[in-house]
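Student: requesting a structural model of the entry that follows:
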Amino acid sequence: MSKGFFSQFDDIWMLDGVRTPLVDYCGAFGHISPTDLGIKAARAALARAGVPGEHIGSVIAGNMAPGDFEQFMLPRHIGLYAGVPVEVPALMAQRICGTGFELFRQAGEQIQSGACEAVLVVGSENMTRNPIASFEHRNGFKLGAPVGFKDFLWEALKDSAAGINMIQTAENLARKYGITRQQVDEFASHSFAKALAAKEFHAGEIVPVISEKFLLEGYQPRGIKLQGKLTEVTQDSHVRASPVEVLAKLRPVYEGGVQTGGNSSALVDAAAAAVVSSGAYAKAQGKQALARVVAAAVVGVPPEIMGIGPAPAIRLLLQRTGLRLEQIGCFEINEAQGAQTLSVAQELGLDLKRLNVNGGAIALGHPLAATGLRLTITLAREMQRSGLRYGIGSACIGGGQGIALLLENPAAA
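Tutor: Purely as a prediction, here's the structure:
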């Protein structure tokens, strides 16, 4: 039996969820606070689920790197400006790239413990606003000493324990599993093609972002102001035709390696949110849930091959629930790097036709704390569209972890 955390939920439901468009790094969202992106997604999720803010008993939000000096208050401000009562507490959760899934795990545990009946979960990330930071100069600058300002976004990709960065962990997996550059480029090209074909499908989970104010009586106004002549952002910006021949011309990040800027996850800014509740609440309110949250699993793996994390996390999920791999209708596994995702598929013996059927993070983007939420919303909607009973969402996690979430489609149960 695999080691790790396992949580099984008896009667926990995702009522509905929504996300903003995923917008390229330094693009239309680059100047917007992650708090305000989170408020936008939170308000839209409550509206789509038809749940009044006053019914929410807990707010759990995720955000990785600070996008401004307000990060400490991000979960609290998201809850308050989304209309959640002032008495309701808010929590920041962080499990790096698995944060969005972790939000569902913690929401399920809070509801199952009886702490509350409904939880608002929000992941928000502005990659563009990752700071240029220094941790060395609180006491001033010494004459002739190095000035220690570095790019937080780039430096955070390094794992100092293993002495390598996240791209190098994927290269380690490529060597371990015999994955070639051509295979990675083909996988990436298919991700783009599937995302292009699914633009209308993805539009169903997107809330357009406009310039607007978020008002809260007695407190300072917040809001979103789009720059220039923009009046609305309605769709993901990174999706494009990407033939293998074009991807093959890109230089690898490391000489002789398989990973390039074209077959790794795109840097994007975005937020996503969902409402999770008990079955009793859903029944009392007459809500038709999007999916049942069945179970979650979190495991640790060696940091130098952190990308393999979804494989043991999914195995633990299956072992403890008694399900078989072939019973899972579709998988949403975050495409951190192409070689990493292919390694997971090879390790599990996973049919690629059931994996990321509407494209993945290579094409759409990977907004860290929002990614697991986006994947879960997409997974639940695809299960409903295709009449599939079970689906699994999963992600690898920097530092050497994996997380997986099992959903059930109530219409196919």
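Student: element containing the residue nearest to residue 51 when sequence neighbours are not counted?
Tutor: Distances taken as C-beta to C-beta, 6 or more residues apart in numbering put residue 275 closest to residue 51, at 5.1 Å, once the chain neighbours are dropped. Backbone N, C-alpha and C define where each C-beta goes, glycine included. In the assignment (DSSP states H and E), residue 275 maps to strand 268-278.
Student: that strand pairs with which strands?
Tutor: Each strand that pairs with strand 268-278, with its direction, by DSSP bridges: strand 12-19 (antiparallel), strand 23-24 (antiparallel), strand 118-125 (antiparallel).
Student: go through those and name the closest to residue 332.
Tutor: Nearest to residue 332, of all the strands paired with strand 268-278, is strand 12-19, at 13.0 Å by C-beta to C-beta.
Student: pLDDT weak spots in the stretch 1-150 of the chain?
Tutor: Within the stretch 1-150 of the chain, the segments meeting pLDDT under 70 span 1-2.
Student: still on that earlier bit, for the strand holding residue 275, the distance to its chain's centre please.
Tutor: Averaged C-alpha coordinates place strand 268-278 at 9 Å from its chain's average position (C-alpha atoms, centre = their mean, to the nearest Å).
Student: please work out the average pLDDT along that strand.
Tutor: Across strand 268-278, the average pLDDT comes to 98.
Student: next one: stretch 351-361
Tutor: Stretch 351-361 comes out at a mean pLDDT of 97.
Student: list the contacts of it.
Tutor: 187, 191-198, 201-202, 239, 265-266, 328-336, 341, 345, 371, 378, 382 (C-beta atoms under 8 Å, 6 or more residues apart in numbering).
Student: and these, which of them are in strands?
Tutor: If you go by DSSP state E, the contacts of stretch 351-361 have 330-333 in strands.
Student: dump those residues into a markdown table; add pLDDT, neighbour count and distance to residue 113 as well.
Tutor: Formatted as a markdown table, those follow (pLDDT from 0 to 100; neighbours: other C-beta atoms under 10 Å; distance: C-beta to C-beta, whole Å):
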| residue | pLDDT | neighbour count | distance to residue 113 |
| --- | --- | --- | --- |
| 330 | 98 | 21 | 30 |
| 331 | 98 | 25 | 29 |
| 332 | 98 | 29 | 27 |
| 333 | 98 | 27 | 29 |
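Student: from those, which is closest to residue 252?
Tutor: Nearest to residue 252 out of the ones in strands among the contacts of stretch 351-361 is residue 333 (C-beta to C-beta; 22.6 Å).
Student: which residues touch the closest one?
Tutor: By C-beta under 8 Å, 6+ apart, the neighbours of residue 333 are 310, 341, 344-345, 355-356, 360, 393-395.
Student: any chance of the residues you listed in JSON lines, with distance to residue 303 and neighbour count too?
Tutor: Formatted as JSON lines, the contacts of residue 333 follow (distance: C-beta to C-beta, whole Å; neighbours: other C-beta atoms under 10 Å):
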{"residue": "310", "distance to residue 303": "15", "neighbour count": "34"}
{"residue": "341", "distance to residue 303": "18", "neighbour count": "33"}
{"residue": "344", "distance to residue 303": "16", "neighbour count": "29"}
{"residue": "345", "distance to residue 303": "21", "neighbour count": "22"}
{"residue": "355", "distance to residue 303": "25", "neighbour count": "22"}
{"residue": "356", "distance to residue 303": "25", "neighbour count": "29"}
{"residue": "360", "distance to residue 303": "23", "neighbour count": "28"}
{"residue": "393", "distance to residue 303": "23", "neighbour count": "31"}
{"residue": "394", "distance to residue 303": "18", "neighbour count": "28"}
{"residue": "395", "distance to residue 303": "16", "neighbour count": "32"}
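Student: that older thread, I figured the residue nearest to residue 51 was touching residue 122, is that so?
Tutor: No: using C-beta atoms under 8 Å, residue 275 makes no contact with residue 122, being 10.2 Å away.
Student: mind listing the shared neighbours of those two?
Tutor: In terms of C-beta under 8 Å, 6+ apart, residue 275 and residue 122 are both contacted by the residues residue 45.
Student: neighbour count winner among those two?
Tutor: Between residue 275 and residue 122, residue 122 has the larger neighbour count (other C-beta atoms under 10 Å), namely 34 against 29.
Student: run through the bridge partners of the more buried one.
Tutor: Residues in beta-bridge contact with residue 122 (DSSP bridges): residue 61, residue 273.
Student: now stretch 12-22 - C-alpha only, PDB.
Tutor: Taking only C-alpha atoms (Å, rounded to 0.1, in the frame of the first residue of the first chain), the coordinates of stretch 12-22 have been written out as PDB:
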ATOM      1  CA  ILE A  12     -19.300  16.100  -0.600                       C
ATOM      2  CA  TRP A  13     -20.300  17.900  -3.800                       C
ATOM      3  CA  MET A  14     -18.900  20.500  -6.100                       C
ATOM      4  CA  LEU A  15     -22.000  22.500  -6.900                       C
ATOM      5  CA  ASP A  16     -20.400  24.500  -9.700                       C
ATOM      6  CA  GLY A  17     -17.300  26.400 -10.700                       C
ATOM      7  CA  VAL A  18     -15.900  29.000 -13.100                       C
ATOM      8  CA  ARG A  19     -12.700  30.600 -14.100                       C
ATOM      9  CA  THR A  20     -11.400  33.700 -15.800                       C
ATOM     10  CA  PRO A  21      -9.600  33.400 -19.200                       C
ATOM     11  CA  LEU A  22      -6.000  32.200 -19.000                       C
END
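Student: stretch 364-372: end-to-end distance?
Tutor: With C-alpha to C-alpha, to the nearest Å as the measure, the first residue of stretch 364-372 is 13 Å from its last.
Student: and it, average pLDDT?
Tutor: 98.
Student: all numbers from here: first residue = 529
Tutor: Got it, the first residue is 529 from now on, which makes the last one we talked about stretch 892-900.
Student: please compute how far it lies from its chain's middle.
Tutor: 4 Å.
Student: what's the closest of the ones in strands among the contacts of stretch 879-889 to residue 617?
Tutor: Among these, and counting by C-beta to C-beta, the member closest to residue 617 is residue 860, at 29.9 Å.
Student: for residue 880, see how far away the closest one is.
Tutor: According to C-beta to C-beta, to the nearest Å, residue 860 and residue 880 sit 13 Å apart.
Student: hang on, residue 696 packs against residue 782?
Tutor: Yes: shown here, residue 696 and residue 782 form a contact pair, counting by C-beta under 8 Å, at 6.9 Å.
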